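Chemist: Could you look at this predicted model? Sequence included:
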Amino acid sequence: MKKRDRRSFQLSEKQLGYAMVLPSLILIFAVVLWPVAQSFYNSLFDYRLNDPTRSQRMLSSNIDLERYVDNYFYINSQLNNLSNETDDADIQQSIRTIHEGVEEHHSELISDEEINSKVEQIDELLMSFTPVRDSELKYAKIDNDFAEDYRQDLLSYSEELSAIAESSGNEKFQQTADLLHTTSGNILESNFVGFSNYVDYLKDARMWGSLWNTTFFTVVSVSLELAIGLGVALLINRAFKGRGLVRTSILVPWAIPTAVAAMMWGFLYDGQSGIVAHYLSVLNIIPGASWLLSTSSGGMFSIILADVWKTTPYMALLLLAGLQTIPNSLYEAANVDGANKWQQFWKITLPLLKPAILVALLFRTLDAFRVFDLIYVLTGGGPANATESISVYAYKTLFAQQNFGEGSTLSVIVFICVAIISFAYVKIIGSDLFDRGAK
Amino acid sequence: MNKRTGFGFYFFLIIFVFIVMFPFFWVFLTSIKPVGEIFSSYKWFTTNPTLDSYEAALTNRPLLRYMLNSFVVSGVTTVLALTFASFTAYAVTRLPIKGKGLILGLVLASSMFPQIAIISPIFNLVTDLGLRDSYPGLVLPYITITLPLAIWILSTFFKRIPFELDESAKLDGATPFQTFRKVIFPLAAPGVFTTGILVFIAAWNEYLFALTINSDDRWRTIPVGISMYQSQYSIPWGDITAATVIVTIPIVILVLIFQRRIVSGLTSGSVKE
């Protein structure tokens, strides 16, 4: 603080203003905007954390030098030994051809000076049994055609040796064949796939299912919340005893973590000991106590009910604040003119409450569309993906399957949907929403 | 509209409050039942109240550790987010800079970004920085999630302070930063405090980042820790209800004390003054 103080003697109001805005903007850029761009970039690759040949995003062909150098050492020595294993001139000839082929490709590979120096460094590290941690050193870009040639040749050598192993019954040929096969896997194709992840998802029934679930959940629960919330707000928009108590009981569901609420409702819905499931089935509202969490419509019903319980109070509070800005004199004038309560509601309350309703709807719709915690904890997306929201699907693809390419595609789809929704709302509400803070 | 309060009004009010509070009520009643009674009956009140479930909830899983983690992460997040946000809100509302609308638009837009869209690059970033299973690993993304909210609410509070004060501070020879620190910020303190409560609750409740980044049990926060009580084979409802009661009590106290502030903070951004 002191330091800033002294510096501010030289800062004009304007400069100070920019200096004060900067840290937040940098943070927002680094942790919100940049990651979104990264997600989009990731979605263009076949990028999987759990697959060593695809754990990097590669625009061109690459070679995993650490594994390659290690394997190359053994290929050399094994091929030398193999020629002593047989007296058959034909076999010796094909071993020689293979050896020459590998040598030729290898010398072409290290004719690149950068790769050559990397190979030497890695050689030294391998000698001392140190794993290569620096991915700059570990991977090298190579020409696409060369990569394809080398890989194909290694595979055909491997087949040739396999055939020899089969006919001669010598295990050692098979070992070398396997080694060559593995080595061909060290030459990595570019995993840039362009928009094909998107094309695949547009044909993916599970994606459309989850998108439908999310939309259905959003529309139904937000409508219910708006209707009930408005009713409650109209009800408590007056002076009465125990306001504080009511306000607290309204705020608690909003304030507790969604995951905790989901666990609570999981207990209330439980087919064996859940009280809500029990009462609803006794009252014949649901077909049976186990219906809630074990059928698709029951699962959706459960999620919507829990969400309505948790967020209606919040909606009611926002709308109540809007109601309190409507001047009472308007209702008095309407009374004088002989308008009944119903007319007053439609002609005064609703039009004047519209801005508050729209803002509340915007925030709630976006929140509902991003729903993750509630579904992930309460149903896990089940039964049979019937309650899986698009965020849950994206999370499972990203972190359960470790498939960052396809998972990022799904998260970009969520992003696009949210952008469309907010754009539509902002169009309706008007630029007023953005200006208000600056006024 | 109808300002009369009669029997019908209280009747509906009591039903509403009862529905809202019933899950908590039932969870509390379950938490003091002996484990055998939880599964066998729908009886509301047990005749043998016991604290066994509480003991189990605290010993089977490190619940107190989860609470400590949540408390540290949310506390640090709140302090840092408020610092950055009050700078920005002050500059945007009271200093003559260009592009205010753009800055606030960017802030509002980034608060609408779905977290699932940023989780995987953040996961890679936090992993590369070696911050997984640590407090900073969560504080970093949390500051940024809560920053737009804090800037937005603080801006409305800063705007309510009369602009004549800046003028008179300037006349008295205060530098712009002194005006902020000694005049405006203290006057906005109630608003900053309100914002702080909301930021704290937002960080306390966050699930997706906590689930992904801190996967080691010792570093889990409350929401993730609670959701891990259920295992694949059995669901210990006794433990879960007791743990729920334990973690809900601090929130109930917080809400009881600060309800007016929370309401004013929640509604400040959505209603025109």
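Modeler: Perfect, thanks for sending it.

Chemist: what residue ranges in the chain score low on pLDDT?
Modeler: Since no chain was named, I'll use chain A. A:1-11, A:431-439 (pLDDT under 70).

Chemist: wait, I meant chain B there
Modeler: B:1-5, B:40, B:231-233, B:269-273.

Chemist: which residues of it fall in helices?
Modeler: B:7-31, B:35-40, B:52-60, B:63-94, B:100-112, B:116-128, B:135-159, B:164-171, B:176-178, B:185-187, B:189-205, B:208-213, B:222-227, B:237-268 (DSSP state H).

Chemist: Kindly report the same for the stretch 101-250 of chain A.
Modeler: Assigned by DSSP state H, counting those that start in this stretch, the stretch 101-250 of chain A shows helices spanning A:113-127, A:135-138, A:144-168, A:171-184, A:196-202, A:205-236, A:243-255.

Chemist: ok, and what's touching the shortest one?
Modeler: Taking contacts as Cβ atoms under 8 Å, 6 or more residues apart in numbering or on different chains, the residues outside helix A:135-138 that touch it are A:56, A:64-66, A:118, A:121-122, A:132. For glycine as for every other residue, the C-beta is placed from the backbone atoms N, C-alpha and C.

Chemist: ok so, going back, tabulate the helices of the stretch 101-250 of chain A (JSON lines), appending mean neighbour count and distance to residue B:164.
Modeler: What follows is these, written out as JSON lines (neighbours: other Cβ atoms under 10 Å in any protein chain shown; distance: least, Cβ to Cβ, whole Å):
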{"stretch": "helix A:113-127", "mean neighbour count": "14", "distance to residue B:164": "67"}
{"stretch": "helix A:135-138", "mean neighbour count": "14", "distance to residue B:164": "59"}
{"stretch": "helix A:144-168", "mean neighbour count": "17", "distance to residue B:164": "69"}
{"stretch": "helix A:171-184", "mean neighbour count": "18", "distance to residue B:164": "78"}
{"stretch": "helix A:196-202", "mean neighbour count": "16", "distance to residue B:164": "56"}
{"stretch": "helix A:205-236", "mean neighbour count": "18", "distance to residue B:164": "36"}
{"stretch": "helix A:243-255", "mean neighbour count": "19", "distance to residue B:164": "34"}
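
Chemist: quick one, which of the ones you listed is nearest to residue A:302?
Modeler: Set against residue A:302 and scored by Cβ to Cβ, those come closest in helix A:205-236, at 11.1 Å.

Chemist: The closest one to helix B:7-31, inter-axis angle?
Modeler: 130 degrees (axes from the mean of the first three to the mean of the last three Cα atoms, to 10 degrees).

Chemist: What is helix A:205-236 packed up against?
Modeler: Counting contacts by 3 or more Cβ pairs under 8 Å, 6 or more residues apart in numbering or on different chains; DSSP states H and E, helix A:205-236 is packed against helix A:296-323, helix A:350-369, helix A:390-395, helix A:404-429, helix B:7-31.

Chemist: For the shortest one, name the packing helices and strands.
Modeler: Read that as helix A:390-395. helix A:205-236, helix A:373-378, helix A:404-429, helix B:116-128.

Chemist: Identify whichever of those lies nearest to residue B:137.
Modeler: For the helices and strands packed on helix A:390-395, the distance to residue B:137 is smallest for helix B:116-128, at 4.8 Å, taking Cβ to Cβ.

Chemist: can you pull the contacts of residue A:94?
Modeler: Taking Cβ under 8 Å, 6+ apart, we find residue A:94 in contact with A:160, A:164.

Chemist: Quick check: which element contains it?
Modeler: In the assignment (DSSP states H and E), residue A:94 maps to helix A:89-109.

Chemist: Just say which of the helices and strands packed on helix A:205-236 is most tucked in.
Modeler: Of all the helices and strands packed on helix A:205-236, helix A:390-395 has the most neighbours on average by mean count of other Cβ atoms under 10 Å in any protein chain shown, namely a mean of 26.

Chemist: Using PDB, write down the CA coordinates of it.
Modeler: These are the backbone C-alpha positions of helix A:390-395, laid out as PDB (Å, rounded to 0.1, in the frame of the first residue of the first chain):
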ATOM      1  CA  ILE A 390     -24.200 -31.700 -21.500                       C
ATOM      2  CA  SER A 391     -21.800 -30.400 -18.800                       C
ATOM      3  CA  VAL A 392     -21.800 -33.800 -17.100                       C
ATOM      4  CA  TYR A 393     -21.200 -35.500 -20.400                       C
ATOM      5  CA  ALA A 394     -18.300 -33.200 -21.100                       C
ATOM      6  CA  TYR A 395     -16.800 -33.800 -17.600                       C
END
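
Chemist: Need the residues that contact that helix.
Modeler: Contact with helix A:390-395 is made by A:206-207, A:210-211, A:213-214, A:370-372, A:375-376, A:380-381, A:385, A:407, A:410-411, A:413-414, A:417, B:114, B:116, B:119, B:208, as judged by Cβ under 8 Å, 6+ apart.

Chemist: and that helix, how far from the chain's centre?
Modeler: 6 Å (Cα atoms, centre = their mean, to the nearest Å).

Chemist: what do you get for stretch A:159-176?
Modeler: Centre-to-centre, stretch A:159-176 and its host chain are 46 Å apart (Cα atoms, centre = their mean).
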